[in-house]
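# need coordinates for the below:
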Amino acid sequence: MRRRTPAAALALVLLLAGCGGAEPTRFPATWQTPSPTAPATLTVKEAKGRYLSIVAPYNTALDELEAALKARRPWRTVRGLAGTVADTNAAHAEQLRTTLWPEPVRTPIAALLKENDVALRHWRLAAAATSATALMREIRAAAAHDGGTQGNRVRTTLGLAVYRDS
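Numbering: from 1, shown residues only. Here you go, the predicted structure:
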């Protein structure tokens, strides 16, 4: 009876180890592994929706900052909102850079990104301002590079209505 136990245990080990007669797992040769598909360039129709979804959070943050300024909110509150504008500005710039735009919109997007990079430096300085004077100086500097003209060129190229500030 003791002789059967090691034999049964060996059979169980071999079965669990994959040596129990099942077909071995086959892995494709390296040359058979499919390569990742490169992302496709957007169509103009797809680009319209993508552009609007990318810029929406940034435009919302700008609207909230403008409302706070008009309401004469405390400068530290405005500074926090400037930080939100800086964050959404950086995020939307990254998304604009990594999207494969249709050929007609690539040049206007590049111009928008160039202007955006200048504005972003000022939004970050506004978010770190240590006084109301410094905050307002940086907000004005960022606003001078708001990308409105460039953004409207993108919109026109895509067949979208131009953006109107409030």
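# from Thr98, how far off is Gly83?
Distance of Gly83 to Thr98, computed by CB to CB, to the nearest Å: 23 Å. The C-beta positions use only the backbone N, C-alpha and C, and glycine is treated the same way.
# these two - which one has more neighbours?
More crowded of Gly83 and Thr98, by other CB atoms under 10 Å: Gly83, with 18 against 8.
# element containing that one, please.
Gly83 belongs to helix 75-98 when assigned by DSSP states H and E.
# who are the packing partners of that helix?
helix 44-70, helix 103-127, helix 132-143 (3 or more CB pairs under 8 Å, 6 or more residues apart in numbering; DSSP states H and E).
# surely Thr88 meets Pro57?
Yes - judged on CB atoms under 8 Å, Thr88 makes contact with Pro57 at a distance of 4.7 Å.
# to Arg76, which of the helices and strands packed on helix 75-98 lies closest?
Among the helices and strands packed on helix 75-98, helix 132-143 comes nearest to Arg76, with 8.7 Å by CB to CB.
# downstream of the closest one, the next helix or strand is which one?
Immediately after helix 132-143, counting by DSSP H and E, sits helix 148-158.
# so is the closest residue in space to Asn59 that isn't next to it in sequence in a helix, a strand, or just coil?
In space, Asn59 comes closest to Tyr163 once its chain neighbours are excluded; the distance is 7.3 Å by CB to CB, 6 or more residues apart in numbering. Each residue gets one of three states, and Tyr163 gets coil by DSSP: H, G, I helix; E, B strand; the rest coil.
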